[in-house]
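Visitor: Using only what follows, build the 3D model:
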Amino acid sequence: MVLSGVLIDKIISKDYADRLVLIYKGKHLELCALGKEELILMKCFAGREKDIPHVRALIKKNPDLKIVDKRLEELMNKRIPQASKAADFFDDICSQLGVAP
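Guide: Predicted coordinates for the structure are as follows:
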């Protein structure tokens, strides 16, 4: 899957499975969703105006912002397209909320 010209598997951390959230458990089926940290990363890469309230709401749910900040730094060091813009988007929202990554 492509998000703003970057493959999602390039954005999310390799240890994303550690933060999966169980959203349904049936007799023969379990469904999990990405954790808050990965959702924040994807929203920052999309960088749309409509993503701002989503990222704010996710940050208010106390994710580990150091995971997000570290991953953005790794992606910038790898010169992944749009990583710098995603990091700026993240930093701006953290600043507005008065939180430190």
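
Visitor: By mean pLDDT, which helix or strand of the chain comes out lowest?
Guide: Lowest mean confidence among the helices and strands of the chain (mean pLDDT, DSSP states H and E): strand 2-3, at a mean of 48.

Visitor: all strands of the chain, in order?
Guide: Secondary structure of the chain, counting by DSSP state E: strands at 2-3, 6-7, 21-25, 30-33.

Visitor: The residue minimising distance to the centre of the chain: what's it in contact with?
Guide: Ranked by distance to the mean C-alpha position of the chain (CA atoms, centre = their mean), the top residue is Leu41 at 2.0 Å. When contacts are counted by CB atoms under 8 Å, 6 or more residues apart in numbering, Leu41 touches Ile11, Ile12, Ser13, Val68, Arg71, Leu72, Ala86. To be clear about C-beta, it is placed using only N, CA and C from the backbone, and glycine gets the same treatment.

Visitor: between those residues, which is nearest Gly47?
Guide: Ala86 (6.4 Å; CB to CB).

Visitor: tally of neighbours for the closest residue to that closest one other than its chain neighbours?
Guide: Leaving out its chain neighbours, the residue that sits closest to Ala86 by CB to CB, 6 or more residues apart in numbering is Cys44, at 4.1 Å. Here the count is done by other CB atoms under 10 Å, and Cys44 has 25 residues near it.
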